[in-house]
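> Next one to model:
(chains A, B and C, ligands or ions: 2)
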Amino acid sequence: MKQQHARLFSWMMLVSLMMTMILAACAVPDAAPVAPVAGDAAATAAAPAEAAAPASNFKPVWYAPAPHPYYEDVRKGVEAFEADTGIAVEKQIGPDWTQDSQNQRMEALAAQGFNAFSVYPADASGANGLYEELTAAGANIVNFGTSTAQPTTASFAVATDVKVAAMRAAEELIAAMGGKGNIINVLEVLEDPNTALRKQGIEEVVAKYPDVTIIQEVAGMTSVETAVQKVGDALSANIDKVDGIIATGYTPSVAIAQVLSEYKEKGGERVIHAVGIDTDEVVMQAIANGVMDGTIVQNPYGHGYLSLLLLQYMAEGYKPKADAYFVDAGFAFATKDNLETYSEDILAVTEQIKAELLDKYLEK
Amino acid sequence: MLQIRHVTKSFPGVRALDDVSVEFAPGEVHAIVGENGAGKSTLIKIICGVYTPDDGEVLLNGARITLHTYKDALDRKINLVSQEIQIIPKSTVAENIMLDKLDRYLTHGRIDWKRINQDAARYATMVDLAVPVRQIVATLSAAQKQLIMIARALSSDARILVMDEPTSALTRHETENLLALLRRLKAEGVTVLFVSHKLEEVLAVADKVSVLRDGCLIGTRPIAGLTKAQIVQMMIGRDARTLDLGRLKVDAGHVALEARSICQAGRFHDVSFVLQRGEILGFYGLVGSGRTELAQILIGEARKDSGEVLINDKPTHIHSMADSLFKYRMGYVSENRKEKGLILSASIKTNVAITIWNRLRDRLGSIQLAAETTAARKLMHALEIRATGPSQVVGSLSGGNQQKVSIAKWLAAQCDILIIDEPTIGVDIGAKEYIHQLIWNLASREGKSIILISSDMPEIINVARRILVFKDFKIVGEVRNNGEEGAPVRGYEEVSQEIGQYLA
Amino acid sequence: MAQSKVEHSVRQDREAGGIGSALRSVFRRSDTSVVIATVILFVLFSFSNTSFLTPFNLFNVSRTAALYVFVALGQAIVIVTGGMNLSLGAIGGLTVVVAGWCMDTMGWSPWIGVPLAMLTGTLCGMFNGFIIIKSKLNSFIVTLASLFIFTGLVQGISQGFPYSNIPRDFTILGRNDFLGVPYVFLFAVAVLTALAYVFKFRVVGRRILATGGNLEAARLSGIRTDNIVFLSHTLSGVFAATAGLLWVSRMGSAQPSTGTDWLIISFAVAIIGGTALNGGEFSALGILASAIMLTLIKNGLIMLNVNVYFEQTFLGVIVLLAVSVESIRVALSNRTKRTKTDAS
Ligand SMILES: Nc1ncnc2c1ncn2[C@@H]1O[C@H](COP(=O)(O)OP(=O)(O)OP(=O)(O)O)[C@@H](O)[C@H]1O
Ligand SMILES: [Mg+2]
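Ligands and ions are numbered 1, 2, ... in the order given. Next comes the predicted model:
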């Protein structure tokens, strides 16, 4: 009896699965009158010189791997782009940080006829496989927030120059420390090749100051919990000699803010300067309370706006210049003194890059 | 020629074998007997490379061999049917039989299932296993699983076949078939090592017998001219008593349990019976005749489609063992101690006290550890459980002692109604007598009502005073065993013949 | 496949002796091992770094260890019944988000937010337990599914944003101490003591262990094993919620990413602490020791300033050494015994 039911049930499942697939197959050409993949490739190949391709040919997607406050800021830039141009952008946030989910979802989007992607790659090298397939089918891709490993078929990466930002953070910290003292360097995830760049940047700056030494390095923080624990450990290991602490990743910055706030709150007497990155509420509060000295403010708004602007130009027939790839979206440095105004500073940076974009990076 | 010389093996707290030397000749069936925990299984495991001896040596055809694993033994054509059933439940009968030689059925890297099934079927018939070879093993009975293990050992043409209590789960018919098989193997020059607590079998099939007691070898004798009493004398150091339990006074007016027209689709159809208070009611039948399945329905572990179970004349609602135990004070000693009866990784204490924790609590609700230990000690003593103490892990006890623990648990529970399923599997002669006496006393002195399920004819006739004969999920006959008031109980021959008639 | 079956049967035949059983014994009774290892590590680190014994550091280590204890308990309580809970971290995350939402977004007092968050965690655990006993599915599959469900809820509710306006009062538990011992640690020790008592002296505890030891046999001994499994998953939810709330209390903010790395921690601490992977055994002392040990190792590696890129390797090696302390000792004593008898 039971077994019969089970078999019946699985048959029903199978049938309904097939029905769904058939329906989906019918629905796709319906939703996208331009035949999605091959059609697009043919269009670009056949009429490359045609000026100002019809707007309907530009179907942009903005894709973030998982919910995160950073993407919410980027989304604001995307929305501003929509408002400025009147072009609708399909905005998607995935469920997790795996490349696998990203592949599946972006392929599904491509199948629906979307042909321009502003993407935060889940995996710096893993994403390239996906990009190759999409570009082979005629889509344009711009990385935002970070770059994929070279060589890549993405046309641009709109992001912070991590090394420059790290160097600036180090300079600011050392200035706050009065040009001498001991530093703890907190790195984020070691799997990220950018981490090595940030480390380099900091070490180069420190090398310029003979009285400044990096006394401890901690790394490997995938979650706030680990980060808090490790920053706490590093601090207690050096509590009698540390003068400054620097973080170049989001999670450790939050951790530093948390650990130092608690240290001060409980009457810790040592003066410890600290510089982080990004504008998490906890970090901004720590700056306002004087627990941290400042934070690198990236330009998420610009990451969103500029990446889509580049895609739009390319849909209009522009090509990347020969050696153009990395678009430095700039950053600002927020301290207690410019808490009110730093967001305008960063908007100004975007406006400036926007103005130069065509000349600097693109050609017909 | 396999020789064991001066072998010693200790476990923490016990010396399981002490300077044992035996020789096993080709074409000889050599029985190894002894009480529970005497060291029989340990000796066998040493021969099969499962344990390495602390001291002494094993010689095969004059050459010293060192076995590190069972595989080493297999390579030398030594094959084991171990005491504990070892099968892969989710595989088929054929896969389980051919388990250790699937690699012989590789053709071009693919397993030739057709040939495997054919060969498996041949060995299955050889041991009288009447189950399709493609059936999944999980639902088979203990006896059928045992036959699979024997078939597995046979199928690898061993020169030395080692069998640790192979017949403990088998019925008479299957046993006789197995003994005939052993004689045939013997004729082919195979050495057979045979451990059993059933001395009739030993006398019937063995050429020689070695007796172990407390890890020491008492002696090796040719069977010819030896009597059962002499072997028992060697085993336990005294003569066996003959147990005559006599008449059982049953409280005829009171019905303890009544089953009314129990139906279960595909199995039972309209099965009814009555259990009087203070009675020992036997369920006899071949393995797979539905005795255990009926018990499962009574204790709520299996669903019935219709019918009623009344306890003390009141209708019951039993949906689980917990209902059965705590609402109606009915217990069940499982036939399958390893899978269903015991928590092998836990101590004797825990296994014995598991049903009575509630009763061992103090005013604040904490279990009194001392009371728990005392309860366990008492039963260990009563059942002569051989262990280093109440804290010994049950898994490390000898097979027979494990069985005693699983009975002890239900003695502790002090139920009014007790269903006892194959209580003496793998239990030695002395303990078997003791368990029979114990069951008897429960009924005769404490007025408990007992259902005794057994495939052991002497046991059921000896202990039960009314026997229901089962066949194909039906009760085909009822044998009254108690005799008339004032007259002696009926003789064994007479009763066994009557049972035989119902089964024919 | 056939090959693995053969090996399986051969392995079953070998009841004792060999590397297999040595390893098994490591995982069975490793709580002694862990306790010894923890003490050794503590002494080693005290001598190798002057900062180690500072109150600030000891405070930090014991507090983190205490949080690990709760995370591990969430896992141990289901492992003990022979199951597992893959959704542990997600339950923790959901609790954190609910707590944050109540206290920050809604501005409610902790007296409302905390009970609501606890309730959420408990309900999540009950959900797991209910599905498992009703569907008769394996806890792996069920909690894998619920892992996705709860993670989705975490992300859906929070959109990834932390809740940083947590009332000051609520951080007392996570940040303050009694004579230098963090409240959290005292709390953890109290809970462990209670559990040790329950598993040794209370019928419920015994029944949980029995169910884990052999579910079938336990059921046939009159234990309502379904209830036990349900209870253990509920408790798992409670512990996950507790751990989550303690993190909020310690951080002073509710981070929705809380719990993402609990899975490995929970298994590591529980198993190293002597919880038998196939159920039936629990050691409160072992869990405490292994939580402290793991925290000590991580802390010590930072104190010793080891190369960050190889940190994980060092961690692994030390853990391996630590869990083998007992079997190394046994092996050494066996060898000396043997050489002695050989000589005589
Ligand atoms: N792995 C083990 N660990 C500890 N003790 C053991 C172990 N195996 C056997 N023993 C002990 O060694 C003794 C001999 O056990 P063995 O299994 O050889 O007995 P046996 O003669 O086969 O008994 P039975 O008839 O009950 O099967 C027993 O006291 C038993 O408790
Ligand atoms: Mg034995």
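> And the strands in the stretch 151-300 of chain A?
For the stretch 151-300 of chain A, the strands defined by DSSP state E, counting those that start in this stretch cover A:156-159, A:181-186, A:212-218, A:244-247, A:273-277, A:294-297.
> Please name the residues that touch the closest residue in space to residue B:442 that isn't next to it in sequence.
Distance criterion Cβ to Cβ, 6 or more residues apart in numbering or on different chains; nearest residue to residue B:442, sequence neighbours excluded, is residue B:448 at 4.5 Å. (Each C-beta comes from the backbone N, C-alpha and C, glycine too.) By Cβ atoms under 8 Å, 6 or more residues apart in numbering or on different chains, the contact set of residue B:448 is B:278, B:415-418, B:442.
> let's see 10 Å
Remark: with contacts taken as Cβ atoms under 10 Å, 6 or more residues apart in numbering or on different chains, residue B:448 is in contact with B:256, B:277-280, B:329, B:331, B:414-418, B:439, B:441-442.
> Helices - which of these land there?
B:439, B:441-442 (DSSP state H).
> Just the buried residues of these.
B:439, B:442 (16 or more other Cβ atoms under 10 Å in any protein chain shown).
> out of the strands of the stretch 151-300 of chain A, nearest to chain B?
Within the strands of the stretch 151-300 of chain A, the stretch nearest chain B is strand A:212-218; the backing value is 42.0 Å (Cβ to the nearest Cβ).
> Which positions within that closest one qualify as buried?
Residues of strand A:212-218 classed as buried: A:212, A:214-218 (neighbour count, 16+ other Cβ under 10 Å).
> can you check stretch A:190-198 too?
For stretch A:190-198, the buried set under the neighbour-count rule, 16+ other Cβ under 10 Å, comprises A:190, A:192, A:194-195, A:197-198.
> who touches it?
A:123-125, A:146-147, A:149, A:159-167, A:169-170, A:185, A:187-189, A:199, A:219-222, A:246-249, A:277, C:308-312.
> PyMOL command for the buried members of those?
Under the burial definition 16+ other Cβ under 10 Å, those of these that qualify are selected in PyMOL by:
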select buried, (chain A and resi 123+124+146+147+159+160+161+162+163+165+166+167+169+170+185+187+188+199+219+220+221+222+246+247+248+249+277) or (chain C and resi 308+311)
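> Model confidence for residue A:47, exactly?
Note for residue A:47: predicted pLDDT of 35.
> again with residue C:322
pLDDT, read off for residue C:322, is 77.
> where do the strands sit along the stretch 1-150 of chain A?
Assigned by DSSP E, counting those that start in this stretch, the stretch 1-150 of chain A shows strands spanning A:60-64, A:90-93, A:116-119, A:140-144.
> Tabulate the ones you listed (a markdown table), appending distance to residue A:133, mean neighbour count and mean pLDDT.
Shown next, in a markdown table, are the strands of the stretch 1-150 of chain A (distance: least, Cβ to Cβ, whole Å; neighbours: other Cβ atoms under 10 Å in any protein chain shown; pLDDT from 0 to 100):
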| stretch | distance to residue A:133 | mean neighbour count | mean pLDDT |
| --- | --- | --- | --- |
| strand A:60-64 | 15 | 25 | 93 |
| strand A:90-93 | 18 | 17 | 91 |
| strand A:116-119 | 12 | 28 | 94 |
| strand A:140-144 | 11 | 27 | 93 |
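> To residue C:143, which of the ones you listed lies closest?
strand A:90-93 (25.0 Å; Cβ to Cβ).
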